[in-house]
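Peer 1: Sequence first, then the predicted structure, then my questions.
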Amino acid sequence: MRVRTAAVAAAAVGALLLTGCSGGQGSAGGDTLTWSMWIGSSDDQKVWDGVGDTGAQASGKKVSLQGSPFADYWTKISTQLGTSAAPCIVTMQSLRVNQFADGLLPLDDLIKSTGFDTGAFDEGAVKALAVDGEQYAIPYDTGPMLLFYNKDAFAEAGVGAPEPGWTVDDFQAAATALKKKGQVALATTVEDIFLEGTILSVTGGTMIDDSGKVALDDPKTAEAVDWLAGLVKDSTATRADGADASADDNAFINGTAAAVVGGPWNSLDFKAKAKFDVGVTTIPSPEGAQKTYSAGSGFGISKTCSDPSAAFTAITAMTSEKTLETLAKDGRAFPARTAAQSAWYQNAGIDGAKAALDSALASAVPLPGSADGDKLNQLLSQYGPQMVNGQKPAADVLAEISRHLGK
């Protein structure tokens, strides 16, 4: 998964990367395998260049990285797949694999012929990158949705460290105590993965069913959003910003909000940038009903790749235990390979991180992907603030989004 960064910085870096990497290389041929990846910073570039070098050494071919900011990546890849401009190796997010499966090569035959052991990976991470029983990518990271919190702010408000499995009532009590100290409790967002993760945990509501169909008429979904709107109205949550996907992260990092929903891929970034002690726990849920989403990303192969065997060899090296341990240490991924996960725990530097992740993973289900996923996220950015900020009832806004989706 991506590490959310400031939009301006990402755009600036992205412009530089696109200038250096654009051109009709396509899926290349000869001695080169092109590889598409979202890049959020110059540090990202260095890390992923190293991963590409690992793939190159294994395959005997140069791996040429094409970088784009996350927001631009999906537009670019949607125009490339199915054409000669498509990269050979395609980085794919579990939320979006359904949208792009037609342009990707099913990997099952390559997995079988090479004896590649998918059993060494988290089962949910593998399943999340499959569509209709066919595997379209090998995961490099995974992770459940979590709640990061400002330990200093909680302590100052007299709130004890929230234990994994804490309830919505526990959170409400903490929010009240924080408010008395002039501290906003939660940073809100309308970004798909984090909003959907919050909704599932708080009420069990869903926006996408197991078949990948967007269905926004679940009363529990509206109930959870109205709960968030109540927090905003009560000044215990920030207002959602549909134009800036990093607004919630920034509110947490700068101390405006004492908690934010994120994934394990956010942990080292939060810890490095925040001027307070960062804690992590599960997203609050009803008593005895803890549940969360997990999501991740991996590497697939385009159908137009001229050498899929070499690309698969590169991918197996790029998802090896050693490579994923390095990514974990660099804070770029919670490894999808279970044997490499200890490296993340050792380098997270957050007390209680293992207990929180273990608890969340025990109840986690893969966040379903959808062919309408990108459009849903765009509509959430456009209309979502109206419901999260309490301007309109959630049921009305969700019905309006459904109409725009033609549902």
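Peer 2: Structure received.

Peer 1: Could you name the helices and strands sitting against the one helix or strand Gln378 maps to?
Peer 2: Under the criterion of DSSP states H and E, Gln378 resides in helix 373-388. Applying 3 or more CB pairs under 8 Å, 6 or more residues apart in numbering; DSSP states H and E, we find helix 373-388 packed against helix 97-100, helix 192-203, helix 219-233, helix 394-405. The C-beta positions use only the backbone N, C-alpha and C, and glycine is treated the same way.

Peer 1: What's the first helix or strand after the shortest one?
Peer 2: It stands for helix 97-100. helix 108-114.

Peer 1: Give the buried residues for that following helix.
Peer 2: Neighbour-count burial for helix 108-114, counted by 16 or more other CB atoms under 10 Å, picks out Leu110, Ile111.

Peer 1: repeat for stretch 140-159
Peer 2: Going by neighbour count (16+ other CB under 10 Å), the buried part of stretch 140-159 is 140-154, 157, 159.

Peer 1: Where helices are concerned, which of those count?
Peer 2: Cross-referencing those against helices under DSSP state H gives Lys151, Asp152, Ala153, Phe154.

Peer 1: Low-confidence bits of the stretch 251-400 of the chain, can you list those?
Peer 2: Across the stretch 251-400 of the chain, nothing is flagged by pLDDT under 70.

Peer 1: can you give me the strands in it?
Peer 2: Ranges of strands in the stretch 251-400 of the chain, per DSSP state E, counting those that start in this stretch, are 257-262, 278-281, 292-294, 297-301, 364-366.

Peer 1: Alpha carbons only: can I get stretch 194-202 in PDB?
Peer 2: Extracted in PDB, the C-alpha atoms of stretch 194-202 (Å, rounded to 0.1, in the frame of the first residue of the first chain):
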ATOM      1  CA  PHE A 194     -10.100   4.400   5.500                       C
ATOM      2  CA  LEU A 195     -13.800   5.500   5.500                       C
ATOM      3  CA  GLU A 196     -14.900   2.000   4.600                       C
ATOM      4  CA  GLY A 197     -12.600   0.600   7.300                       C
ATOM      5  CA  THR A 198     -14.100   2.900   9.900                       C
ATOM      6  CA  ILE A 199     -17.700   2.000   8.900                       C
ATOM      7  CA  LEU A 200     -17.100  -1.700   9.000                       C
ATOM      8  CA  SER A 201     -15.500  -1.500  12.500                       C
ATOM      9  CA  VAL A 202     -18.000   0.900  14.000                       C
END
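
Peer 1: List of residues touching the helix ranked longest in the chain?
Peer 2: Counting residues, the longest helix found in the chain (DSSP H) is helix 42-59. By CB atoms under 8 Å, 6 or more residues apart in numbering, the residues outside helix 42-59 that reach it are 3, 13, 17, 33, 35, 37, 39, 62-65, 67, 89, 310-311, 313-318, 320, 323, 326-327, 330, 332.

Peer 1: Buried ones in it, by neighbour count?
Peer 2: Buried-residue list, helix 42-59, by 16+ other CB under 10 Å: Asp44, Gln45, Val47, Trp48, Val51, Gly52, Thr54, Gly55, Ala56, Ala58, Ser59.

Peer 1: try stretch 98-110
Peer 2: Of the residues in stretch 98-110, Asn98, Gln99, Phe100, Ala101, Gly103, Leu104, Leu105, Pro106, Leu107, Leu110 count as buried by neighbour count, 16+ other CB under 10 Å.

Peer 1: can you pull the contacts of the second one?
Peer 2: When the contact criterion is CB under 8 Å, 6+ apart, the partners of Gln99 are Ser78, Gly369, Ser370, Ala371, Gly373, Asp374.

Peer 1: ok, how many other residues are close to the third one?
Peer 2: Burial of Ser370, expressed as a neighbour count using other CB atoms under 10 Å, amounts to 25.

Peer 1: Now a ChimeraX select for only the buried ones of the contacts of helix 42-59.
Peer 2: For anyone working in ChimeraX, the buried entries among the contacts of helix 42-59, judged by 16+ other CB under 10 Å, can be selected with:
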select :3,13,17,33,35,37,39,63,64,65,67,89,310,311,313,314,315,316,317,318,320,323,326,327,330,332
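
Peer 1: The residue nearest to Gln382 when sequence neighbours are not counted and Gly373: what is the separation?
Peer 2: In space, and not counting its chain neighbours, Gln382 is closest to Gly242: 6.2 Å by CB to CB, 6 or more residues apart in numbering. Gly242 sits at a distance of 17 Å from Gly373 (criterion: CB to CB, to the nearest Å).
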